[in-house]
Every structure is written in structure tokens, then in C-alpha cells.
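**Q** This is the structure alone, sequence omitted:
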Ligand SMILES: CCCCCCCCCCCCCCCC(=O)SCCNC(=O)CCNC(=O)[C@H](O)C(C)(C)COP(=O)(O)OP(=O)(O)OC[C@H]1O[C@@H](n2cnc3c(N)ncnc32)[C@H](O)[C@@H]1OP(=O)(O)O
């Protein structure tokens, strides 16, 4: 009898600690600034990165953008994410051999499980100091874990306020695109010739 009471008390204590752990995991860190999610990468554009035009191969830039954006998304969620989509990947200027490229990413909008990240790639002729905007993109990452409460995002600089202000419109467009892409997938054959 005493043992049963002891076990029941032990169970209650274990339940209490389990609740604390779950509550801690689900805890909303109310808000993070864009700066707190910022990821910055710099590269020198070398021979292995070039395309036939001797400028940076677009696929290489996409890999760097994906990594950089993923780091920003994980800085917000502190949880594993997958890349769900890349939209508005605009190649504005070729990145020249021998130039530096600096990629900056930060979270520009937060949904339930989705995180939108804005990235920009700035080219720089290191000898003259001339800089140019080579690429801008918006990517969406989705947190793998379900039920996690994500912090909201707080823009601070003029650029961040401008970028974040377009989030709701971009999200609405994306929702339409997701529906279209689900319809498209239904009509795609899995046969390999
Ligand atoms: C152990 C870990 C340690 C971590 C260590 C740190 C590492 C730090 C570096 C990380 C760097 C990673 C960067 C590379 C990461 C890859 O390389 S991942 C590989 C490529 N990607 C994939 O394989 C993804 C494959 N697709 C999927 O898994 C699923 O389709 C998805 C995207 C998760 C969506 O799943 P689903 O069940 O259909 O999701 P659903 O419930 O319908 O929607 C959930 C949310 O996703 C959104 N969504 C769904 N589809 C889309 C879409 N196509 N476009 C936009 N949004 C979408 C929905 O709108 C919804 O948004 P919320 O309303 O929640 O805000």
C-alpha cells in the first residue's frame, strides 16, 4: 500500500518535470530582430565556381543562398528545417571571376511552420572597392517539428522594414502557387522512358 502511494507520488513528480520540459520546448520567445537571424558568408569567385561565360555559375550561388537562408531559418526556430521553395531568385548582375561575393540572409516573415528568408548577394571588386547588387531572393523553409511556437520577427533598419512589409502579400501569392503546384503534380507522370 505504502509502495503504491510512493509510486503515485513519484509519477506525479515525473509528470511535473515532463510538463516543465514540454513547456520550455513550446515556449514562445516572443520576438527576434532580423539582425538576430542574420547569416553572412563571403567567398572569392575562383575557377571551380565558374560557368562557360567565366562568371559565377548560378547553381553555385543557389547552393550558397540555400545554406545561408537555412542558417537564418534555424537561428529563428532553433530546430531542423527543410527548404520548401525558392521564389523570386533574381540574377541582377553577373559575378565576375576574382571578385568577392558577400551573401546576407535574414528572416523576413514567419508563419505557423514556415519561415520566409530574404537573401542578397553583393559582388565586390576588391581592388577598386566597387560593389554591385548581384542577386536577391526569397526562400521558404519549413520547420520539421510540428507544434513548435515560432517567434515573430521585428525589422529595425529601413531595408528590413521595407522587405518585411511585403510578407503578407508574398505569402498570399505563395498559397495560390502551392495549390497550383499540387494540381500540377497530379498530372505529372512517374514513368521513366
Ligand atoms: C537535425 C537538424 C539539425 C539542424 C542543424 C542546423 C543546420 C543549419 C543549416 C540548415 C541548412 C538547411 C538548408 C538545406 C535544407 C535542405 O536541403 S532540405 C532538402 C530539400 N527540401 C526538401 O526535401 C523538402 C521536401 N518537402 C517536404 O518535406 C514537404 O513538402 C514540406 C515542404 C515540409 C511541406 O510539408 P507539408 O506536410 O506539405 O506541409 P503543410 O502542413 O502543408 O504546410 C506547412 C507549412 O509549409 C508551407 N509550405 C508547404 N509547401 C510549401 C511550398 N512549396 N512553398 C512554400 N511553403 C510551403 C505551408 O504554407 C505551411 O506554412 P505555415 O502555414 O505553417 O506557415
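**A** That came in fine, so what should we check first? Everything numeric in this text was worked out from a predicted model, so none of it was measured.

**Q** C-alpha only now, for contacts and for neighbours.
**A** Noted.

**Q** Tell me how many other residues crowd the residue nearest to residue 96 when sequence neighbours are not counted.
**A** Here the nearest residue to residue 96 in space, its sequence neighbours aside, is residue 55; by CA to CA, 6 or more residues apart in numbering that works out to 4.8 Å. For residue 55, the neighbour count with other CA atoms under 10 Å is 18.

**Q** how about residue 55, what does it touch?
**A** Applying CA atoms under 8 Å, 6 or more residues apart in numbering, one finds that residue 55 lies in contact with 94-97.

**Q** how about the strands of this structure, start to end?
**A** Secondary structure of the chain (DSSP state E): strands at 31-33, 39-44, 81-91, 100-110, 114-124, 131-143, 152-154.

**Q** strands paired with the first one, and their directions?
**A** Same thing as strand 31-33. strand 152-154 (parallel) (DSSP bridges).

**Q** Can the strand it pairs with be said to contact the ligand?
**A** No. Strand 152-154 is not in contact with the ligand by CA under 6 Å from any ligand atom; minimum separation 11.8 Å.

**Q** chain center to that strand, what's the gap?
**A** 14 Å (CA atoms, centre = their mean, to the nearest Å).

**Q** Can we start the residue count at 10 from this point?
**A** Let's use 10 as the start, then, which means that last one is strand 161-163.

**Q** mind checking pLDDT for residue 97?
**A** Looking at residue 97, its pLDDT reads 77.

**Q** For the closest residue to it other than its chain neighbours, give me its contacts.
**A** The shortest distance from residue 97 to any non-neighbouring residue, by CA to CA, 6+ apart, is to residue 146 (5.2 Å). Residue 146 sits next to 95-99, 127-129 when contact means CA under 8 Å, 6+ apart.

**Q** what about the closest residue in space to residue 84 that isn't next to it in sequence, neighbour count?
**A** The shortest distance from residue 84 to any non-neighbouring residue, by CA to CA, 6+ apart, is to residue 46 (5.3 Å). Residues lying near residue 46 (other CA under 10 Å) number 21.
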